[in-house]
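Asks: For reference, the sequence and a predicted model appear below.
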Amino acid sequence: MKNLFRILFATVLFGALFMVSCTKDDEEEVPPVENKNFATLKTYLTTNDMDLPKVLDGWITTAAVVYAADTSADPSDDFYVIDIRSAADFTTGHIENSVNSTLADIVTTAGGNGGKPIIVVCYTGQGAGHGVVALRLSGFPTAKVMKWGMSGWNGNNDSWTPNVGDAAVTSGQWEPPTGDLGTLVNYGDPVIESSAADGAALLTERVTAMLAGGFKGITNADVFADPSSYFINNYWALTDVEHYGHIKGAVRVNPLSLAGEEYQNYNPSVTAVTYCWTGQTSSMITAYMSVIGYDAKSLKFGANGMIHTALTSHKWTSTSAKNYPLVP
């Protein structure tokens, strides 16, 4: 009888341990909860016509256009110019009737536009790209960057000339024409941590965070010091890459959209550096990619800082700077 009792006890104990073991194994095999925030933001942006190609549609204007409106006899044609340079530089000289703001406060400042088209100006036209993306994602879809920034408005504000050059060539980091671009890889979606209730709240949160982080620029010297540490995207047409070449190890993700899922060719695990001709388009892309969950940087001054001598277009020259008036 005692032996029978021992056998029954052992059987029950083994069964219990087996059930616990199976339960534990089952728990370990349950996949982690999927982060839904990116999917929510993606759906909201595409549904509300705020995919990147739309945000990049007609995003830039020139100092000549702004000056012509500023001198127009019809005040209703004037732009609402937001200058995001420092308060000290704004006080030294700015476009008449422009308002001074910071990148972090630009959405609030834009609320005073009185229905006028918004132009954002900075030193070079690069930081302004972040502001325009924020505005276009926040109810001001026609906001524009002024090309070359205040450097293009008046030569006394030239921040471009000291920064153009052939750094990519002299550093040996430039792949000449016929060089192979890197192979595109599908990295999937980025992860966004948030407790926002819906797509609208999530977008507001992400735009605010992007602006609070300031201009996300990186110098070519920093990139060339260790290019393998970055995911580098050459945002040019293929014909331009074939004509000029590209940074060694770069890929070309263009077009770039949510709807087409080309964003999945950006690596969310490392800092993503985008470059273009002048750093102005790449600033727009960088701001947008930051909003949707990437650690993104814009290569300052673009090709103008890397292969300036070779450029035959999109090139900063002494004639790029106008002599339009400034007021204190």
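Replies: Received, thanks.
Asks: Could you use CA atoms for every contact and neighbour count after this?
Replies: OK.
Asks: And the protein, what are its domain boundaries?
Replies: The chain resolves into domains spanning 37-162, 165-310 when parsed by automatic domain parsing.
Asks: and the helix or strand where residue 223 lies, how far out from the chain's middle?
Replies: Element membership for residue 223 (DSSP states H and E) is helix 220-225. Put simply, helix 220-225 sits 19 Å off its chain's centre (Cα atoms, centre = their mean, to the nearest Å).
Asks: what residues does that helix touch?
Replies: With contact meaning Cα atoms under 8 Å, 6 or more residues apart in numbering, helix 220-225 is reached by 167-168, 171, 173, 230, 299-300, 305-306.
Asks: Kindly export it (C-alpha atoms) in CSV.
Replies: What follows is helix 220-225, C-alpha atoms only, in CSV (Å, rounded to 0.1, in the frame of the first residue of the first chain):
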residue,chain,number,x,y,z
ASN,A,220,31.4,66.2,-43.2
ALA,A,221,34.6,66.0,-41.0
ASP,A,222,32.7,64.0,-38.4
VAL,A,223,31.2,61.7,-41.0
PHE,A,224,34.5,61.1,-42.8
ALA,A,225,36.3,60.4,-39.5
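Asks: Show me what counts as buried in that helix.
Replies: 220, 223-224 (16 or more other Cα atoms under 10 Å).
Asks: And those residues, which is closest to residue 104?
Replies: Taking Cα to Cα as the measure, residue 104 sits nearest to residue 220 out of those, at 25.3 Å.
Asks: what about the stretch 151-300 of the chain, any weak spots by pLDDT?
Replies: For the stretch 151-300 of the chain, no stretch is flagged by pLDDT under 70.
Asks: for the stretch 1-150 of the chain, same thing?
Replies: Checking the stretch 1-150 of the chain against pLDDT under 70 turns up 1-34, 70-77.
Asks: Mind jotting down where the strands sit in it?
Replies: Per DSSP state E, counting those that start in this stretch, the stretch 1-150 of the chain carries strands over the ranges 60-61, 80-83, 99-100, 118-121, 144-146.
Asks: Would you mind putting the ones you listed into TSV with mean neighbour count alongside?
Replies: As requested, the strands of the stretch 1-150 of the chain are exported to TSV (neighbours: other Cα atoms under 10 Å):
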stretch	mean neighbour count
strand 60-61	18
strand 80-83	25
strand 99-100	18
strand 118-121	28
strand 144-146	29
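Asks: Ok, which of those strands comes nearest residue 253?
Replies: strand 60-61 (21.2 Å).
Asks: Check which helices and strands that closest one is in contact with.
Replies: For strand 60-61, the elements it packs on are strand 144-146, judged by 3 or more Cα pairs under 8 Å, 6 or more residues apart in numbering; DSSP states H and E.
Asks: what's the closest of the strands of the stretch 1-150 of the chain to residue 184?
Replies: strand 60-61 (29.0 Å).
Asks: State the helix or strand in which the spatially most central residue of the chain lies.
Replies: In the chain, the residue lying closest to the centroid (Cα atoms, centre = their mean) is residue 286, at 1.4 Å. According to DSSP H and E, residue 286 maps onto helix 280-291.
Asks: Not counting its own residues, what contacts that helix?
Replies: Residues contacting helix 280-291 (Cα under 8 Å, 6+ apart): 52, 56, 125-127, 129-130, 132-134, 147, 203, 206-207, 209-210, 216-217, 235, 273-276, 295-299, 301-302.
Asks: follow-up on the earlier one: which element follows the helix holding residue 223 toward the C-terminus?
Replies: The helix or strand immediately downstream of helix 220-225 is strand 230-234, counting by DSSP H and E.
Asks: Measure how that following strand sits relative to helix 280-291, angle-wise.
Replies: Between strand 230-234 and helix 280-291, the angle comes out at 130 degrees (axes from the mean of the first three to the mean of the last three Cα atoms, to 10 degrees).
Asks: and the helix or strand just after strand 230-234, what other elements does it pack with?
Replies: Going down the chain from strand 230-234, the next helix or strand is helix 238-244, by DSSP H and E. For helix 238-244, there is no helix or strand it packs on, judged by 3+ Cα pairs under 8 Å, 6+ apart.
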